[in-house]
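*Asks:* pasting the structure only:
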């Protein structure tokens, strides 16, 4: 054994490093370098005895030893600390010299064993406190939670799921790029509602932007007890794959070809009829529709409703006034320019969502059209953005937050094995009239004398 300062470092440096005088024993062969344990000894757990000799600075020997551990790239070693005649044992993880406290905390993952040792209670007591189970006094529970917060304890959810056979998290799957989803208020509003319900149930949310992987992965890896899929494609085989595994799952919106899968949606058909009735009452006849891709439930619902509403109000249907786009602002911008280049152009345009309205309004401005004087515009959704556009957008209000809340409630019922009162839930919508719609101007066909 080699005796001396910290791993053979000069005593003055050891005292400065640890904040107190100490005596220490180290494995034979330890060098004065910071990579202190030679390769042959790295597979064992070296045991170190550190005895405090008192002094004004000896307020927390364990803190000093944690600092000491920074200089050892060993996996784990045990330290017996003698303080006021009583021996304390601490298991320390070493990862070499840390460059920040944050990295040190990440490397030294705290477990409930550490909390139990620090609080002088059993592991079972810590588990009951953290899981909010009964059978503990308020003082004991508070003491344990304070220790957990001070040690930066974070639960290991996959491990807890494997041990307890229960995952207290729901997976939110958005089959889009994170850039598109996080910039689109449609998803933000749905997530607000989902989060409100899961908070009530004490569940966490796991957000995943899956474009290729199986939707069932979150459940199979014990990361989520159930999943909610937002704006899935109708031709997406991953939906059926997850349903075939009996994974608790809810779709927003639903899938007309898979009605056995629970879903929540707004009344798309009624929303289109309300919009067309409003335009017809204003005197519009040449109405265009920027429709989404036909593998979307929204498009499959709304395009036939658009045709039926035109027939009901005796308005003409023109193929050139129906163009598809990808729900994005850029896609709407390009297709709006094409619509306004038709001779004569439409006097009103109906959109698939409010998010794309920014592209439509910009396109109209670039080609010299004023909204609503030259062309009226109606969105769909009524997200917060709709009242902030110039002019403020007339739109069909969908209860996105309620849709998210209801979807989370359904999947939680499925997780708990409860019977569902219904599998398909359709919520009412309403038209919100603002300043982007007005009666059409009388105008002549381009090139007419």
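*Replies:* Yes, it's here. These numbers were taken from a predicted model, which means no experiment stands behind them. Residues are numbered from 1 along each chain as shown.
*Asks:* so what's residue 306 closest to, chain neighbours aside?
*Replies:* Counting by C-beta to C-beta, 6 or more residues apart in numbering, residue 306 lies nearest to residue 289, which is 5.0 Å off, once chain neighbours are set aside. Where C-beta positions appear, they are placed from N, C-alpha and C, glycine not excepted.
*Asks:* determine the three-state secondary structure at the one you found.
*Replies:* Here residue 289 is strand, with the state taken from DSSP: H, G, I helix; E, B strand; the rest coil.
*Asks:* in the sheet, who's paired with it?
*Replies:* For residue 289, the beta-bridge partners are residue 322, residue 350 (DSSP bridges).
*Asks:* surely it and residue 304 touch.
*Replies:* No. Shown here, residue 289 and residue 304 do not form a contact pair, counting by C-beta atoms under 8 Å, at 11.3 Å.
*Asks:* more crowded one of these two?
*Replies:* Neighbour count, other C-beta atoms under 10 Å: between residue 289 and residue 304, residue 289 has more, with 26 against 13.
*Asks:* that older thread, and the residue nearest to residue 306, how far from residue 235?
*Replies:* Separation of residue 289 from residue 235 (C-beta to C-beta, to the nearest Å) stands at 22 Å.
*Asks:* so where do the helices sit in the stretch 201-350 of the chain?
*Replies:* Using DSSP state H, counting those that start in this stretch, the helices found in the stretch 201-350 of the chain span residues 217-220, 237-244, 268-282, 297-312, 329-340.
*Asks:* could you dump those helices to TSV with distance to residue 361 and mean pLDDT?
*Replies:* Listed next are those as TSV, based on distance: least, C-beta to C-beta, whole Å; pLDDT from 0 to 100:
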stretch	distance to residue 361	mean pLDDT
helix 217-220	38	85
helix 237-244	34	89
helix 268-282	17	98
helix 297-312	21	97
helix 329-340	9	97
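*Asks:* which stretches of the stretch 51-200 of the chain have low pLDDT?
*Replies:* Along the stretch 51-200 of the chain, the parts satisfying pLDDT under 70 run over 51-109, 154-166.
*Asks:* give me the domain ranges for the chain.
*Replies:* Taking automatic domain parsing as the reference, the chain has its domains at 2-158, 169-266+403-429, 269-398.
*Asks:* the ones you listed: which one's closest to residue 435?
*Replies:* Among these, the nearest to residue 435 by C-beta to C-beta is domain 269-398 (3.8 Å).
*Asks:* quick one: distance of the closest one to the chain centre.
*Replies:* For domain 269-398, the distance from its own C-alpha centre to the chain's C-alpha centre is 30 Å (C-alpha atoms, centre = their mean, to the nearest Å).
*Asks:* from here on, call the first residue 17.
*Replies:* Sure thing, new numbering starts at 17, so read that last one as domain 285-414.
*Asks:* start and end of it, how far apart?
*Replies:* End-to-end distance of domain 285-414: 12 Å, with C-alpha to C-alpha, to the nearest Å as the criterion.
*Asks:* ok, back up a step: tabulate the helices of the stretch 217-366 of the chain (a markdown table), appending distance to residue 196.
*Replies:* Shown next, in a markdown table, are the helices of the stretch 217-366 of the chain (distance: least, C-beta to C-beta, whole Å):
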| stretch | distance to residue 196 |
| --- | --- |
| helix 233-236 | 20 |
| helix 253-260 | 18 |
| helix 284-298 | 21 |
| helix 313-328 | 15 |
| helix 345-356 | 10 |
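*Asks:* nearest to residue 274 among those would be which one?
*Replies:* Using C-beta to C-beta, the helices of the stretch 217-366 of the chain put helix 253-260 closest to residue 274, at 6.6 Å.
*Asks:* hmm, who's touching that closest one?
*Replies:* Residues from elsewhere that reach helix 253-260, judged by C-beta atoms under 8 Å, 6 or more residues apart in numbering: 191, 226, 230-232, 235, 243, 245, 248, 265, 267, 271, 274, 276-277.
*Asks:* chain center to it: distance?
*Replies:* For helix 253-260, the distance to the chain centre is 21 Å (C-alpha atoms, centre = their mean).
*Asks:* just checking, what packs against the strand or helix carrying residue 420?
*Replies:* Counting by DSSP states H and E, the element that carries residue 420 is helix 416-431. Here helix 416-431 touches strand 185-189, helix 201-217, strand 242-246, strand 265-268, strand 279-282, strand 440-443, going by 3 or more C-beta pairs under 8 Å, 6 or more residues apart in numbering; DSSP states H and E.
*Asks:* please identify which of these is closest to residue 369.
*Replies:* helix 201-217 (6.1 Å).
*Asks:* now that closest one against strand 185-189, angle please.
*Replies:* Using axes from the mean of the first three to the mean of the last three C-alpha atoms, to 10 degrees, the inter-axis angle of helix 201-217 relative to strand 185-189 is 170 degrees.
*Asks:* listing request: residues of the stretch 317-465 of the chain with sub-threshold pLDDT.
*Replies:* Where the stretch 317-465 of the chain drops to pLDDT under 70, the residues are 459-465.
*Asks:* and the furthest pair within the contacts of helix 253-260?
*Replies:* Across the contacts of helix 253-260, no pair lies farther apart than 226 and 276, at 22.0 Å, counting by C-beta to C-beta.
*Asks:* who's more crowded, these two?
*Replies:* residue 226 (17 against 9).
*Asks:* look at that one and report its pLDDT.
*Replies:* Residue 226 carries a pLDDT value of 65.
*Asks:* what do you get for the one 5 residues further on?
*Replies:* With respect to pLDDT, residue 231 scores 87.
*Asks:* what does the one 10 residues further on give?
*Replies:* With respect to pLDDT, residue 241 scores 93.
*Asks:* thinking residue 429 is in contact with residue 438, fair?
*Replies:* No. Residue 429 is not in contact with residue 438 according to C-beta under 8 Å; the separation is 11.3 Å.
*Asks:* and the gap between the closest residue to residue 212 other than its chain neighbours and residue 443?
*Replies:* Spatial nearest neighbour of residue 212, excluding adjacent residues (C-beta to C-beta, 6+ apart): residue 421 at 5.6 Å. Using C-beta to C-beta, we find residue 421 at a distance of 10 Å from residue 443.
*Asks:* looking at the helices of the stretch 217-366 of the chain, which is nearest to residue 130?
*Replies:* Judged by C-beta to C-beta, the one of these that comes nearest to residue 130 is helix 233-236, at 28.9 Å.
*Asks:* so what's the residue count around residue 335?
*Replies:* 6.
*Asks:* contacts only, for it.
*Replies:* With contacts defined as C-beta under 8 Å, 6+ apart, residue 335 has no neighbours.
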